[in-house]
Structures are given as C-alpha cells and as structure tokens.
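Colleague: sequence and predicted structure are below.
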Amino acid sequence: MNADVNTDVNTDEESRAVAKVVDRLAERFPNLPRASVERAVREAHDAFSGRPVRVYVPVLVERGAKLRLRDEQAAASGSASPSSATAGSATAGSATAGSAA
C-alpha cells in the first residue's frame, strides 16, 4: 500500500467523522451528559495529534472514547467496570498503533 494513500485524509472529513462518533456515543450512553461524551472523544482524538497516518483515527477515537465512557457510566451507577483495567492500555495501544501504521 502506498504511504501517500494512508496520509491523504482531509481534516474536514476527519472532523465530520469525529463529530459522528460523538453522536453515536451520545446515543449509546444516554445516561451520560453530552459534554462527557464530547470530552471523552476530544481526549481520545488528542492522543492522535501529530500522527502522520490519519485514515483510521476516527475508528480508534471511537474505541478509546467508548472504553472511557463505559468506565464513567459504571462509576456513575456505582458498579465496577470490566473495562477499567484495559481502558488506559487500549487507548495507549491505539495511539501506538496509529503511530506504527
């Protein structure tokens, strides 16, 4: 695969895709404030700042934010979250995968 293809992602396209991630996760986590969803997505997206390969960033952002929101939802309901042990490593792994691709 040509490296130029991997980096040829329009920032407007990426912004629209990330906005759709916010919408999907807000629907998936209706008990959490939209501001919490937006913050989780923004923080997950920030982890990929400066990475040259942008094609999979929205997918990786959604995965990392989803794990954070599961933990937040579990904490709000007072139950232990099965993803809390993996949330940090999954986000870090995603960032590493983004830089390795």
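Modeller: Received the coordinates, thanks.
Colleague: how many neighbours does Glu27 have?
Modeller: 9 (other C-beta atoms under 10 Å). Backbone N, C-alpha and C define where each C-beta goes, glycine included.
Colleague: sorry, that was for Arg42
Modeller: The number of residues packed near Arg42 is 13, by other C-beta under 10 Å.
Colleague: repeat for Gly50
Modeller: With other C-beta under 10 Å as criterion, Gly50 counts 6.
Colleague: next one: Ser49
Modeller: Neighbours of Ser49 (other C-beta under 10 Å): 8.
Colleague: and it, how far is that from Thr11?
Modeller: The gap separating Ser49 from Thr11 is 12 Å, by C-beta to C-beta, to the nearest Å.
Colleague: quickly note the distance from Ala19 to Val41.
Modeller: 9 Å.
Colleague: which one's more surrounded, those two?
Modeller: Val41 (26 against 13).
Colleague: helix or strand: which one has the nearest residue to that one once chain neighbours are set aside?
Modeller: In this structure, Val41 finds its nearest non-sequential neighbour in Ala65, 4.5 Å apart by C-beta to C-beta, 6 or more residues apart in numbering. According to DSSP states H and E, Ala65 maps onto helix 57-77.
Colleague: let me see the mean pLDDT of that helix.
Modeller: Mean pLDDT, helix 57-77: 95.
Colleague: list the helices and strands it packs on?
Modeller: helix 11-28, helix 34-46, helix 84-100 (3 or more C-beta pairs under 8 Å, 6 or more residues apart in numbering; DSSP states H and E).
Colleague: ok, now which ones touch the nearest residue to Lys66 once chain neighbours are set aside?
Modeller: Of all residues not flanking Lys66 in the chain, Leu25 sits nearest, at 6.3 Å (C-beta to C-beta, 6+ apart). Residues near Leu25 by C-beta atoms under 8 Å, 6 or more residues apart in numbering: Val37, Ala40, Val41, Glu62, Ala65, Lys66, Leu69.
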